[in-house]
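> starting from these lines, generate the structure:
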Amino acid sequence: MGIDPARLGGPLVGIVSTWTGTMPCNLNQLELSAHVAEGVTAAGGVPMPFNTIAVSDNQSQATPGMRASLISREVIADSIELMVHAHDFDALVCIVGCDKTVPAALMALARVDKPAVVLYSGPMRAGRLRGREVTIQDVWEAVGAEERGLIPRAELDELERVACPGPGTCAGHFTANTMAVALDCLGITHVGDGLIPADETEAKNDAAARAGKRATELTATARSFLDRRALLNAMTGIAATGGSTNGILHLLAIAHEAGVPLTLDELADVGTRTPVIASLAPSGRFMAEDLHRVGGTAALIRELVRGGQIDGSAPTVDGSTLADATRHGAAPDGEVLFTLEEPFKPTGALHALRGNLAPDGSLVKLAGGRRVHRGPAIVFDSEEACTDAVRAGVVTEGAVLVVRYEGPAGGPGMREMLSVTASVVGAGLGESVALVTDGRFSGATRGLMVGHVAPEAARGGPLAIVRDGDTIAIDIDAKTLTLELDDAEIAERLAAWQPPPLPYAGGVFARYRTLVGSASEGAVLLPWPQ
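Below you'll find the predicted structure:
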């Protein structure tokens with residue numbers, strides 16, 4: 001292996017990369033791993049690189065493959081945990097990028113509790129088409145428009161060729177970059193290194209070497225950066241940047257692995273009360289690279305600490321507090337990043353809704369527009385059935401689309417509904433139709449879309465007994481999701497309900513279905529059948 005036995009007295013540092021050659025998100029990670037190793041060696045440690053898997057949410061959208069995405073979070077966490085136990089590393093560097101790799105690494109670190117630094121491999125640049133910036137979100141919405149005959153196929157093809165111009169995670173503030181902000185707020189990475197764009201090779205390689213050196217020297221273990229204070233700080237950063245609902249799902253899972261008491265409602269309360277101070281796509285104008293350009297997460301955290309939104313006394317891996325680490329961050333520029341006194345939006349976009357349709361809770365990310373919707377249900381037992389109906393033009397204004405049996409157990413795997421939501425927007429129905437599902441949403445989703453409904457339909461939740469024409473009411477301010485039926489009718493329908501046949505009777509999907517818990521608790525695997 002080329003390791004001088006004389007060096008084996010130094011720390012053994014595991015370097016986990018989530019590289020795959022299947023997508024642009026993580027393409028730079030093998031190079032980053034090599035530079036992490038240089039940093040480890042320079043600090044007197046022995047680098048021990050290894051790799052795990054990653055699933056592309058975008059390439060699996062609207063296909064059965066999307067069921068693998070959330071399940072991969074558990075597989076990645078398990079593989080890291082197993083390697084640490086097998087090889088007894090003294091410390092770790094986790095190189096992460098796409099949506100599930102960030103929470104997976106944090107879940108594994110919470111379990112093994114070794115000294116660790118996490119390095120986010122960086123966002124891609126936005127594409128450009130006829131003078132405007134475009135991302136994968138534009139592609140998905142253009143798919144919906146092309147399906148309805150609103151744009152020609154040649155225009156969609158042209159957009160697709162330029163929307164993702166290089167390596168890195170999706171350019172907008174979707175789930176991956178949401179979790180990159182969370183990493184900095186947790187303090188488990190060098191603040192500011194994550195949002196260095198993936199194609200800024202020299203700066204990114206320097207960040208990698210810095211991570212390797214710090215992990216080798218670090219004595220504080222991972223749970224120091226994953227306590228309740230840190231997780232609430234991370235939630236504040238997610239909310240302040242208009243981040244994805246998936247951020248709440250993942251923070252709940254990390255809290256579970258770290259043994260930290262934290263609930264859906266507590267995180268959602270932070271998401272509701274925190275002003276949005278960054279104008280980032282999909283609810284704002286700018287991309288992750290623009291946030292980095294105006295000072296990045298250091299500027300963001302500095303402003304949140306100044307206003308008392310984030311606890312600046314929390315530690316970071318460089319040995320300073322969050323307040324000290326961001327003390328010299330740039331002031332808000334007033335275009336990409338705003339002050340708390342004059343925010344981009346005065347209240348947060350993430351809300352938890354409860355009611356007789358979601359007794360254990362649900363989540364909505366409100367990018368703007370309607371805060372109340374009441375309409376007749378159109379019920380679908382799969383994502384594909386709903387997408388086909390939208391594409392066929394049979395969905396009318398005012399409807400509430402119900403997509404069920406797509407939860408953690410029902411899917412299995414809690415697929416994202418981006419094909420549905422993008423088709424709704426692309427068909428011109430984004431301001432008149434609502435969606436309710438036990439599945440998830442992409443960070444690129446916009447419109448009045450309620451997901452994570454719990455209990456899910458496959459486990460006998462009330463979503464299972466909704467019928468076409470039933471009236472559903474959504475009220476963001478009242479925090480309610482209501483099926484307008486009396487309790488006796490709901491009880492009668494539930495008593496008569498029988499679970500339908502569900503896909504995958506064996507293999508990893510069947511094992512996941514048996515063990516996965518509720519989305520309201522992070523959709524983590526539990527050591528006993530549900």
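> over to the nearest residue to Arg153 once chain neighbours are set aside. Which of the three states is it?
Spatial nearest neighbour of Arg153, chain neighbours left out: Glu146 (5.9 Å); criterion: CB to CB, 6 or more residues apart in numbering. Bear in mind the C-beta positions are built from the backbone N, C-alpha and C, glycine included. Under DSSP: H, G, I helix; E, B strand; the rest coil, Glu146 falls in the helix class.
> okay, strands next: where are they in the stretch 51-200 of the chain?
Under the criterion DSSP state E, counting those that start in this stretch, the stretch 51-200 of the chain carries strands at the ranges 91-96, 116-120, 127-129, 132-134.
> sorry, slip of the keys, the one I care about is the chain.
12-17, 46-51, 91-96, 116-120, 127-129, 132-134, 350-355, 358-365, 372-380, 400-403, 434-437, 449-454, 471-475, 480-483 (DSSP state E).
> sorry, back to before: so which of the strands of the stretch 51-200 of the chain is the most surrounded?
Most buried of those, by mean neighbour count (mean count of other CB atoms under 10 Å): strand 116-120, with a mean of 31.
> give me the low-pLDDT residue ranges for the stretch 251-400 of the chain?
Scanning the stretch 251-400 of the chain for pLDDT under 70 picks out 367-368.
> OK, contacts around the closest residue to Cys386 other than its chain neighbours?
Residue nearest to Cys386 in three dimensions, not counting chain neighbours: Phe380, with 4.0 Å by CB to CB, 6+ apart. Counting by CB atoms under 8 Å, 6 or more residues apart in numbering, Phe380 makes contact with 386, 389, 401-404.
> now the strands of the stretch 51-200 of the chain in JSON lines, with distance to Pro261 and mean pLDDT?
Below are those laid out as JSON lines (distance: least, CB to CB, whole Å; pLDDT from 0 to 100):
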{"stretch": "strand 91-96", "distance to Pro261": "25", "mean pLDDT": "98"}
{"stretch": "strand 116-120", "distance to Pro261": "23", "mean pLDDT": "98"}
{"stretch": "strand 127-129", "distance to Pro261": "43", "mean pLDDT": "96"}
{"stretch": "strand 132-134", "distance to Pro261": "42", "mean pLDDT": "94"}
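> distance to Thr274 for these - can I get that in CSV?
Listed next are those as CSV, based on distance: least, CB to CB, whole Å:
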stretch, distance to Thr274
strand 91-96, 24
strand 116-120, 22
strand 127-129, 30
strand 132-134, 26
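> now do the buried residues in stretch 36-48.
Within stretch 36-48, the residues that qualify as buried are 36-37, 39-41, 43, 45-48, counting by 16 or more other CB atoms under 10 Å.
> go on, stretch 374-391?
Quick answer for stretch 374-391 (16+ other CB under 10 Å): 375, 377-383, 386-387, 389-391.
> cool, and stretch 6-16?
By 16+ other CB under 10 Å, the buried positions in stretch 6-16 come out as 11-16.
> now those as a markdown table including distance to Asn356 and pLDDT?
Below are the buried residues of stretch 6-16 laid out as a markdown table (distance: CB to CB, whole Å; pLDDT from 0 to 100):
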| residue | distance to Asn356 | pLDDT |
| --- | --- | --- |
| Pro11 | 55 | 97 |
| Leu12 | 54 | 97 |
| Val13 | 52 | 98 |
| Gly14 | 48 | 98 |
| Ile15 | 50 | 98 |
| Val16 | 44 | 98 |
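> okay if I get the residues you listed as CSV plus distance to Pro261?
Output for these, formatted as CSV (distance: CB to CB, whole Å):
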residue, distance to Pro261
Pro11, 33
Leu12, 33
Val13, 32
Gly14, 29
Ile15, 32
Val16, 28
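> out of those, who's nearest Pro24?
Taking CB to CB as the measure, Pro24 lies nearest Val16 of the buried residues of stretch 6-16, at 19.8 Å.
> ok, the spatially closest residue to the closest one that is not a sequence neighbour to Ile15 distance?
Nearest residue to Val16, sequence neighbours excluded (CB to CB, 6+ apart): Cys94, at 5.0 Å. Using CB to CB, to the nearest Å, we find Cys94 at a distance of 8 Å from Ile15.
> before we move on, what about Arg125?
The gap separating Arg125 from Ile15 is 26 Å, by CB to CB.
> number of residues surrounding Thr263?
Burial of Thr263 is recorded as 14 neighbouring residues (other CB atoms under 10 Å).
> now do Val336
23.
> wait, it touches Gly296, no?
No. Using CB atoms under 8 Å, Val336 makes no contact with Gly296, being 10.1 Å away.
> could you work out the end-to-end span of stretch 316-329 for me?
15 Å (CA to CA, to the nearest Å).
> and the contacts of it?
Residues from elsewhere that reach stretch 316-329, judged by CB under 8 Å, 6+ apart: 117, 185, 187-191, 214-215, 218, 220, 225, 233, 295-303, 305, 310-315.
> before we move on, what about stretch 107-117?
Contact with stretch 107-117 is made by 73, 76-78, 80-81, 84-85, 89-94, 118, 188-190, 211-212, 214-215, 218-223, 226, 253-254, 257-259, 317, 524, as judged by CB under 8 Å, 6+ apart.
> quick one, what contacts the residue nearest to Val16?
16, 18, 80, 105, 108-109, 116-119.
> kindly recompute the last result at 7 Å.
When contacts are counted by CB atoms under 7 Å, 6 or more residues apart in numbering, Cys94 touches 16, 105, 109, 116, 118.
> what does Arg354 give?
Taking CB under 7 Å, 6+ apart as the test, what Arg354 contacts is 361, 479-481.
> count the residues that sit near Asn233.
Neighbour count for Asn233, taken as other CB under 10 Å: 27.
> if you could redo that for Arg370, that was the one I meant.
Using other CB under 10 Å, Arg370 is surrounded by 13 other residues.
> how close does it sit to Ile15?
With CB to CB as the criterion, Arg370 and Ile15 are 47 Å apart.
> Lys479 now?
Lys479 is 44 Å from Ile15, by CB to CB.
> next: Leu150.
For Leu150 relative to Ile15 (CB to CB), the value is 48 Å.
> could you do Thr189 as well?
Relative to Ile15, and taking CB to CB, Thr189 is found at 14 Å.
> do the same with Arg73
Remark: distance between Arg73 and Ile15 (CB to CB) = 20 Å.
> again, but for Ile136
29 Å.
> same deal with Gly348?
Here the criterion is CB to CB. By it, Gly348 lies 36 Å from Ile15.
> all helices of the stretch 101-250 of the chain, in order?
Ranges of helices in the stretch 101-250 of the chain, per DSSP state H, counting those that start in this stretch, are 101-112, 136-147, 153-163, 175-186, 201-217, 228-240, 246-258.
> and the pLDDT at Ala220?
On pLDDT, Ala220 comes in at 98.
> same question, the one 3 residues further on
The score at Arg223 is 98. That number is its pLDDT.
> Leu429 now?
86.
> repeat that for Leu463.
Reported pLDDT for Leu463: 98.
> so it sits right up against Ala457, yeah?
Yes. Between Leu463 and Ala457 there is a contact at 4.4 Å, judged by CB atoms under 7 Å.
> more crowded one of the two?
When neighbours are counted by other CB under 10 Å, Leu463 and Ala457 differ, and Leu463 comes out ahead with 29 against 26.
> dump the strands of the chain into a markdown table; add distance to Thr201 as well.
Formatted as a markdown table, the strands of the chain follow (distance: least, CB to CB, whole Å):
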| stretch | distance to Thr201 |
| --- | --- |
| strand 12-17 | 16 |
| strand 46-51 | 19 |
| strand 91-96 | 15 |
| strand 116-120 | 14 |
| strand 127-129 | 19 |
| strand 132-134 | 22 |
| strand 350-355 | 34 |
| strand 358-365 | 33 |
| strand 372-380 | 45 |
| strand 400-403 | 42 |
| strand 434-437 | 40 |
| strand 449-454 | 37 |
| strand 471-475 | 46 |
| strand 480-483 | 47 |
